[in-house]
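> can't give you the sequence, but here's the structure:
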Ligand SMILES: Nc1ncnc2c1ncn2[C@@H]1O[C@H](COP(=O)(O)OP(=O)(O)OP(=O)(O)O)[C@@H](O)[C@H]1O
């Protein structure tokens with residue numbers, strides 16, 4: 001069963017095409033890596049899948065519908081995190097749940113190594129902790145699709161394992177996790193790898 005369908009997507013920034021004729025069909029319950037050199041278009045594709053930008057041409061469908069900004073359907077961990085600095089770690093994780101009166105973050109905070117600092121303003125935490133907070137925020141609703149841009153960029157080996165365990169747990173619950181990364185440790189843990197080169201999907205490797 002296809003969950004995410006990307007059909008003939010091209011995207012232009014200024015006068016240059018940064019994505020060209022991208023076709024992709026992905027099923028639920030998988031950890032899919034978007035790999036490729038810096039500037040190959042990974043972040044752009046992340047933003048299109050998460051519905052925060054519209055493609056110049058082509059279609060993206062999640063469960064047969066265009067992406068919305070409803071984080072239970074598709075969530076985003078942006079490269080620049082976009083946390084609310086004065087809120088605590090826990091409050092940031094719970095932001096998508098605030099409108100739903102749901103959300104039990106204890107297990108997730110534990111899994112991401114954040115339980116001990118949950119009540120601290122996020123601005124008083126390390127960059128790696130902030131990145132795991134933004135990851136928790138992306139996973140807290142157990143979305144159909146979680147789009148995660150470089151989620152291990154600020155993590156050491158030990159914390160990469162925590163991140164991968166948290167990803168594996170949501171994937172086992174049905175989430176399609178799409179992870180843009182250069183990190184070989186994440187690439188090795190993936191169910192499938194989509195490689196981009198100059199905005200086009202290229203066969204492995
Ligand atoms: N706002 C923008 N305006 C114009 N060009 C942009 C803009 N943002 C990105 N680009 C260009 O689009 C291309 C793809 O960028 P993108 O950020 O998607 O790459 P990436 O694979 O995620 O790179 P990285 O691994 O360095 O994050 C790059 O050539 C980049 O310079």
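Arrived safely, thanks for sending. Keep in mind it's a predicted model, so treat the numbers as computed, not measured.

> so the residue lying closest to residue 93 once chain neighbours are set aside is in which element?
The shortest distance from residue 93 to any non-neighbouring residue, by CB to CB, 6 or more residues apart in numbering, is to residue 136 (3.9 Å). Just so you know, the C-beta spots here come from the backbone N, C-alpha and C atoms, and that holds for glycine as well. Taking DSSP states H and E as the definition, residue 136 sits inside helix 127-139.

> Provide the contact partners of that helix at residue level.
71, 75-78, 81-83, 89, 92-96, 105, 108-109, 112-114, 117, 122, 125, 146-148, 151, 153-156, 159, 162-163, 166-167, 170, 175 (CB atoms under 8 Å, 6 or more residues apart in numbering).

> need the residues of the chain near the ligand, please.
Proximity of the chain to the ligand (CB under 6 Å from any ligand atom) is limited to residues 13, 14, 18, 36, 38, 39, 40, 41, 42, 43, 44.

> ChimeraX command to pick out the buried ones of the residues you listed?
In ChimeraX, this line selects whichever of the residues of the chain next to the ligand come out buried by 16 or more other CB atoms under 10 Å:
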select :18,36,40,41,42,43,44
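
> next, give me the two most distant ones among the residues of the chain next to the ligand.
Largest separation among the residues of the chain next to the ligand by CB to CB: 14 and 36, giving 20.1 Å.

> in the chain, which helix is the longest?
In the chain, with assignment by DSSP state H, the single longest helix is helix 157-172.

> how is the spatially most central residue of the chain assigned, secondary-structure-wise?
In the chain, the residue lying closest to the centroid (CA atoms, centre = their mean) is residue 148, at 1.7 Å. What DSSP: H, G, I helix; E, B strand; the rest coil gives for residue 148 is strand.

> tell me who's in contact with it.
46, 76, 77, 135, 138, 167, 177, 178, 179, 180.

> what's the answer for residue 109, then?
89, 90, 93, 115, 118, 136.

> can we see that at 6 Å?
Residue 109 is in contact with 115, 118, counting by CB atoms under 6 Å, 6 or more residues apart in numbering.

> over to residue 57?
Applying CB under 6 Å, 6+ apart, the residues contacting residue 57 are residue 10.

> so it versus residue 17, what's the distance?
10 Å (CB to CB, to the nearest Å).
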